[in-house]
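just coords:
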C-alpha cells in the first residue's frame, strides 16, 4: 500500500507543472486580447466608462457565443477566454488529484476531490441560472 | 486610454506588492483601491479581484508545493469547506445590496489588521486527532535546531472546517482570498505550523477564489477591461513583493499596513453607512 508521503512526492512533481502550464496559457491569451484591445480605438475607454457608470451589458450570452466571438478576433472575448482558462488552473489540478487518488484507490481522497469538483461545477450552474 | 490602463496596472501592482509583503494577499487591497480610487462599483471590483487571486495563488503555489511547505492532504480536505462557502458567497454577492458588501469588507479588513499584528502560535503536536491521523493529515518539517525532521499532528478538524466555510463565504462575497482567516484557523485552532499554514492557505486560495470566479464568469459578470489588467498587475506585484520580503523589516511593515487597513475599513464603513 502506498503511504501519504509516497503520494506527496508524486503530487509535488506534477502539481507545479500543471499550475505553471495553465497559468502561462491563460496569461498569453489574455495579453493577446489586451494588445488587440489597445489597437482598437475607443474600445477600452468606452467600456471602462460603462463599468464605472454601472451600465455595462453582459459581454456574452453562451460559452459557444463567446468562443465564436473570440475566434473572430473580438478583443474582449479573447480576454474573457483567457480569464476562463485562468480559472481552470485550480480545476485542472483538482481533476489531476482526483485521477491520481482514483488510480491509487485512496477512496477517502477520491471522495474529497469529487466533492470539490462537484462544488466547482455547481458554481458554474448557479452562475448560469443568474 | 493608456492613462486608464496604466492607472489600473499601477494600482494592481501596488496591491499585489503590499499584499505579498503583509501576507494578506492582493485582494484585500485591490477591491478598496478599485472602489475608492478608480470609482469602479464594488461588484465589478469583487469579480476582477477573484480572478487576480486565482492567478496569484497559482504563481506562488508552484514554489511552495515543490519545496514541500504545502500540506496537500490537508488542503484537499479543507477545500471541501472553502468551495462550499465560496460558491454560496459568490451567488449571494449578486443578490445582496452594495452597502452590505462594503460593510462586510470593512469588517474583514479589521480582522486582517488584527491578524497581521497578533502573536502567532507555533507549538507542534506530536500526534493529531484520531480522524486526522486516519486521513494521514500530519506532516514533517525540517528540524532547524536538532537536525533531521520533526513530525506534527493536526487537531480540531471540524472547527477548522467550519472556519473554512466562513473563509470561503467571505472570499466569494468580497473577492478576497481570506488568507488571514484561513491561516488563523490552521495555525491557531488546528496547530499546523505557521509556515505550512501560510503555504497551504495560499494553495487553497486558488480553488476557493476559482469557485467564486466561475460563478461570476458563468453569469457574464466579469468585465474583461478591468479583470485582465488587475490580474496581470496583482500577480506581477505579488512576485515582486515576495522577492523583497526576505530583506524587509516585516514587523514595521505589518504595523504600518495594519494602520492602513483600519483607515480603509473606516472609509468602506463610511461609504456603506452613507450609501455611496
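Here it is on my side, so go on. Small disclaimer: the values here were computed from a predicted structure and weren't measured.

closest point of the stretch 151-276 of chain B to chain A, which residue?
residue B:218 (2.8 Å; Cβ to the nearest Cβ). In short, each C-beta sits where N, CA and C put it, glycine included.

ok, and the closest non-adjacent residue to that residue?
residue A:127 (2.8 Å; Cβ to Cβ, 6 or more residues apart in numbering or on different chains).

ok, that neighbour - contacts?
B:90, B:91, B:214, B:215, B:216, B:217, B:218, B:219, B:221 (Cβ atoms under 8 Å, 6 or more residues apart in numbering or on different chains).

any idea how far the first one is from residue B:170?
To residue B:170, residue B:90 is 11 Å away according to Cβ to Cβ, to the nearest Å.

show me what the helix or strand hosting residue B:172 is packed up against.
Taking DSSP states H and E as the definition, one finds residue B:172 inside helix B:157-174. On a contact count with 3 or more Cβ pairs under 8 Å, 6 or more residues apart in numbering or on different chains; DSSP states H and E, helix B:157-174 meets helix B:42-66, helix B:72-93, helix B:98-117, helix B:179-184, helix B:194-218.

could you dump the contacts of residue A:127 to a markdown table with pLDDT, neighbour count and distance to residue A:62?
What follows is the contacts of residue A:127, written out as a markdown table (pLDDT from 0 to 100; neighbours: other Cβ atoms under 10 Å in any protein chain shown; distance: Cβ to Cβ, whole Å):
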| residue | pLDDT | neighbour count | distance to residue A:62 |
| --- | --- | --- | --- |
| B:90 | 87 | 33 | 20 |
| B:91 | 87 | 21 | 20 |
| B:214 | 88 | 29 | 15 |
| B:215 | 87 | 30 | 16 |
| B:216 | 87 | 29 | 16 |
| B:217 | 88 | 27 | 13 |
| B:218 | 86 | 21 | 10 |
| B:219 | 84 | 20 | 12 |
| B:221 | 84 | 20 | 15 |
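
pick the one among those residues closest to residue A:16.
residue B:214 (22.3 Å; Cβ to Cβ).

please look at that closest one and residue A:87 and confirm they touch.
Yes - here residue B:214 reaches residue A:87: they are 5.5 Å apart, a contact under Cβ atoms under 8 Å.

helix/strand/coil for whatever residue of chain A ends up closest to chain B?
Nearest to chain B in chain A, going by Cβ to the nearest Cβ, is residue A:127, at a distance of 2.8 Å. Three-state call for residue A:127 (DSSP: H, G, I helix; E, B strand; the rest coil): helix.

pLDDT (mean, whole number) over stretch B:193-202?
Averaging pLDDT along stretch B:193-202 yields 86.

buried sites along it?
B:193, B:196, B:197, B:198, B:199, B:200, B:201, B:202 (16 or more other Cβ atoms under 10 Å in any protein chain shown).

what's the closest of those residues to residue B:181?
For the buried residues of stretch B:193-202, the nearest to residue B:181 is residue B:201 (8.9 Å; Cβ to Cβ).

for the closest one, give its distance to residue A:85.
Plainly put, residue B:201 is 24 Å away from residue A:85 if you go by Cβ to Cβ.

OK, contacts around residue B:44?
With Cβ under 8 Å, 6+ apart, residue B:44 has these contacts: A:51, A:54, A:56, B:34, B:221, B:223, B:226.

tell me the least confident of those residues?
Comparing those by pLDDT, residue A:56 comes last, at 74.

okay, residue A:4: pLDDT?
pLDDT, residue A:4: 60.

after the longest helix belonging to chain A, which helix or strand is next?
Taking DSSP state H as the criterion, chain A has its longest helix at helix A:4-39. Reading on from helix A:4-39 to the C-terminus, the next helix or strand found by DSSP H and E is helix A:43-52.
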